[in-house]
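**Student:** Using only what follows, build the 3D model:
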Amino acid sequence: MKILITGGAGFIGSHVVRRFVLNYPHYQIYNLDALTYAGNLENIVDIEEQPNYTFVKGDITDAAFIDSLFETEQFNGVVHLAAESHVDRSIKDPLAFVKTNVIGTMNLLNAAKSIWNGDYEGKRFYHVSTDEVYGALGAEGLFTETTSYDPNSPYSASKASSDHFVRAYGETYGLPYVITNCSNNYGPNHFPEKLIPLFLNNIIQNKPLPVYGDGNYTRDWLYVIDHARAIDLVFHKGKHAETYNIGGFNEWKNIDLVKLLCAQMDQKLGRPEGDSEQLITYVKDRPGHDLRYAIDATKIKNELGWEPSVTFEEGLQQTIDWYFDNPEWLANVTSGAYQEYYTKQYEE
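**Tutor:** Predicted structure coming up:
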């Protein structure tokens, strides 16, 4: 098996790459990443010398490059994680999200369709999506696999579009696919623009913790290593042309999450109880901010036997411990030094 994993130097992708490389030594794993600001080869330094691992620097928006790569390597499977994913960035630059999330996905679909050429035995195109394509929930209810799409941000609209194209290629050309829609991920190696790593770093630095609006926005949180477990399971055992929602069964209001993080960080740093909470600062809400996301992950639990392995409190503590055990990683990310790794490793 030759498996292409896109976005494998990113947060979620690095955990998926590691799992596939270590768990399937008889597979050849190709990690394709453009190494934009969120791609960091230091995320996977521990497996880069494995004999079944190959890193390829490249951009999924470059159709000619993608076609050539597929023609040369003849991949059996694709796990597609590469994406622009930060909502705030999508509000400022929507076209960048269309280019990567829609056009990039189309390039991968076209390349897979071309090299597989109707011979789909043992082939699979796995598209990783988000719960944000479903829009927002009120105080009650859960997103299921049959929830209608209702995206509210340029980011979620671009992901919804890519989901539709994957399904369309399945229906029109018979391309074998699966799609998963996941909730908010957290855990080791998370680039500090998202809530948990940003606030963790700000608490260490005694900087303000900017909470949007009244802080009552609710999200379902999924430990990234549990997400990688689910991706592994769906890739190997999920049914063709099916969607699986992956969630943590774990809803938290933002303000409650931040207070829990503050409490755990005070304990870790030896600060007086409640000290870090004083850093909380309420800021102007962002446009189109969805009130609540919550995933019903019953289908993947019942059909494939997956469920989270840790509680949120346990996962958050493990995340905090990882950041404290890896201060050089955090320093390199916040300084931008991590972007020099590719040059040192592959070009010198």
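
**Student:** residue boundaries of the strands in the stretch 51-200 of the chain?
**Tutor:** 53-57, 77-80, 124-130, 177-182, 184-186 (DSSP state E, counting those that start in this stretch).

**Student:** which one in the protein is furthest away from the centre?
**Tutor:** In the chain, the greatest distance from the average C-alpha position (CA atoms, centre = their mean) is reached by residue 272, at 34.4 Å.

**Student:** all helices of this structure, in order?
**Tutor:** Applying DSSP state H to the chain gives helices spanning 11-23, 63-73, 87-92, 94-97, 104-116, 154-173, 195-205, 224-237, 254-269, 298-304, 312-325, 327-335, 341-342.

**Student:** for the shortest one, what is the average pLDDT?
**Tutor:** Right, the one you point to is helix 341-342. Mean per-residue pLDDT for helix 341-342: 72.

**Student:** The fourth one now?
**Tutor:** Helix 94-97 comes out with an average pLDDT of 96.

**Student:** Kindly report the same for the longest one.
**Tutor:** On average, the pLDDT along helix 154-173 is 97.

**Student:** Report the distance from it to the chain centre.
**Tutor:** Distance, stretch centre to chain centre, for helix 154-173: 17 Å (CA atoms, centre = their mean, to the nearest Å).

**Student:** residues of that helix that come out buried?
**Tutor:** Neighbour counts over helix 154-173 (16 or more other CB atoms under 10 Å) mark 154-163, 165-167, 169-170 as buried. All C-beta atoms are positioned from the backbone trio N, CA, C, and that covers glycine.

**Student:** Against residue 197, how distant is residue 215?
**Tutor:** Remark: distance between residue 215 and residue 197 (CB to CB, to the nearest Å) = 18 Å.

**Student:** who's more crowded, the two?
**Tutor:** residue 197 (22 against 15; other CB atoms under 10 Å).

**Student:** Pull the contacting residues for the residue nearest to the more buried one when sequence neighbours are not counted.
**Tutor:** Of all residues not flanking residue 197 in the chain, residue 190 sits nearest, at 4.2 Å (CB to CB, 6 or more residues apart in numbering). Taking CB atoms under 8 Å, 6 or more residues apart in numbering, we find residue 190 in contact with 11, 196-197, 224, 319.

**Student:** cool, and residue 196?
**Tutor:** 186, 190, 257, 261, 316, 319.

**Student:** go again using 7 Å as the cut-off
**Tutor:** 186, 190, 261, 319 (CB atoms under 7 Å, 6 or more residues apart in numbering).

**Student:** Many thanks, have a good one.
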